[in-house]
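Novice: Provided below for reference: sequence and predicted model.
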Amino acid sequence: MSSEDELGEVLDELLNIPSEPQESRKLCDKCCRPEKVCLCPYLPGKPIPVSNKLIILQHPSEEKRCLRTAKILELSLPVDKFRVIKAKRFSAHKQPELAEILKDHERTFLLFPGKSSQPLETIDTRQPYNIVIIDGTWAEARCIYHNSHDLKNMKKVVLNVQKRSNYVIRTQPTEESLSTVETAAITLAHLENNQSIYDTLMKPLQALCTFQLEHGAVHHFSKEYLILNGLYNKPITRKIQKKLGNKQEIKYFIR
């Protein structure tokens, strides 16, 4: 047998050696997180009593993301006060659940910024509401809104954020941008006249961020922060410049 034949046999044997199956991480049955970074100890012991109902309109891609925050709300609120509807486009015709909510238009509003949006502080807290939140990346949320006629006709409410997001493991577009759980927490705390709701919902979010940072994730600043502090290394579009307004002179070129 030639040396080339011997080498070929050796290579064949090596290629046929069965590989060790990758050990899968055990996931918590409740929060669906790996057991080592389970969020359950940081979740409320029992559902938070609320009179308002939260409806999450979720982009299908969001369900696949390991760092999604809507799951925290699902595990923290009563079953009859929380609902997730998944789609890329929403309408009363396609989603009967949404149709029922839209019928009660006086007590239903969409949390979405815009010229016609009214501040949360102006909402009467003496009655319960259906609070609708679009869940996805900011690009996905905008796409859902602009492609869903029924959402455009809803009463819209905006949050006047006075603090930075605690969700420091994903890049937000602006300093006022919040994660889904933060948006819901601020809104519910105001409507329920109960600040402890916000504090309770922030515990699992803070734990999630701490776990990720301890396992190699880096602290993310908003795109706005990076731009205004000269740390953004990409071209600035006119659209971004317009959004930032006169907060500070932007030194990077506009394409």
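Specialist: It's in.

Novice: how far away is Leu73 from Leu54?
Specialist: Per Cβ to Cβ, to the nearest Å, Leu73 is found 6 Å from Leu54. Quick note: C-beta positions are derived from backbone N, CA and C, even for glycine.

Novice: actually Arg142, sorry about that
Specialist: From Arg142 to Leu54 the distance is 21 Å (Cβ to Cβ).

Novice: quick one: contacts for the closest residue to Gln58 other than its chain neighbours?
Specialist: Closest residue to Gln58 apart from its sequence neighbours, by Cβ to Cβ, 6 or more residues apart in numbering: Asp135 at 4.3 Å. Going by Cβ atoms under 8 Å, 6 or more residues apart in numbering, Asp135 touches 56-59, 62, 68, 70, 84, 141, 180.

Novice: now swap in Leu102 and tell me
Specialist: Residues in contact with Leu102 (Cβ under 8 Å, 6+ apart) are 92, 108, 150, 154.

Novice: which of those residues fall within strands?
Specialist: Thr108 (DSSP state E).

Novice: closest one to Ile186 out of the contacts of Leu102, please.
Specialist: Nearest to Ile186, judged by Cβ to Cβ, of the contacts of Leu102 is Thr108 at 18.2 Å.

Novice: Val161 should be in a helix, yeah?
Specialist: No. Under the criterion used here (DSSP: H, G, I helix; E, B strand; the rest coil), Val161 is coil, not part of a helix.

Novice: what is the burial count for it?
Specialist: When counting by other Cβ atoms under 10 Å, one arrives at 15 neighbours for Val161.

Novice: neighbour count: Arg142 and Leu54, which is higher?
Specialist: Between Arg142 and Leu54, counted using other Cβ under 10 Å, Leu54 has the larger neighbour count: 25 against 13.

Novice: and the helices in this protein?
Specialist: 3-15, 70-74, 96-103, 138-146, 149-152, 180-191, 196-214, 223-228, 238-244 (DSSP state H).

Novice: can you list these in TSV and add mean pLDDT and distance to Lys88?
Specialist: What follows is the helices of the chain, written out as TSV (pLDDT from 0 to 100; distance: least, Cβ to Cβ, whole Å):
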stretch	mean pLDDT	distance to Lys88
helix 3-15	51	44
helix 70-74	95	16
helix 96-103	90	14
helix 138-146	91	7
helix 149-152	93	12
helix 180-191	96	17
helix 196-214	94	26
helix 223-228	68	24
helix 238-244	66	23
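
Novice: ok, now which ones touch Lys94?
Specialist: Ala87 are the contacts of Lys94 under Cβ under 8 Å, 6+ apart.

Novice: quick one: Ile197 and Thr187 touch, right?
Specialist: No. Under the criterion of Cβ atoms under 8 Å, Ile197 makes no contact with Thr187, lying 9.4 Å away.

Novice: and the least confident of the contacts of Leu102?
Specialist: Lowest pLDDT of the contacts of Leu102: Ala92, 90.

Novice: how far away is that one from Asn153?
Specialist: For Ala92 relative to Asn153 (Cβ to Cβ), the value is 10 Å.

Novice: do the same with Ile72
Specialist: Remark: distance between Ile72 and Asn153 (Cβ to Cβ) = 30 Å.
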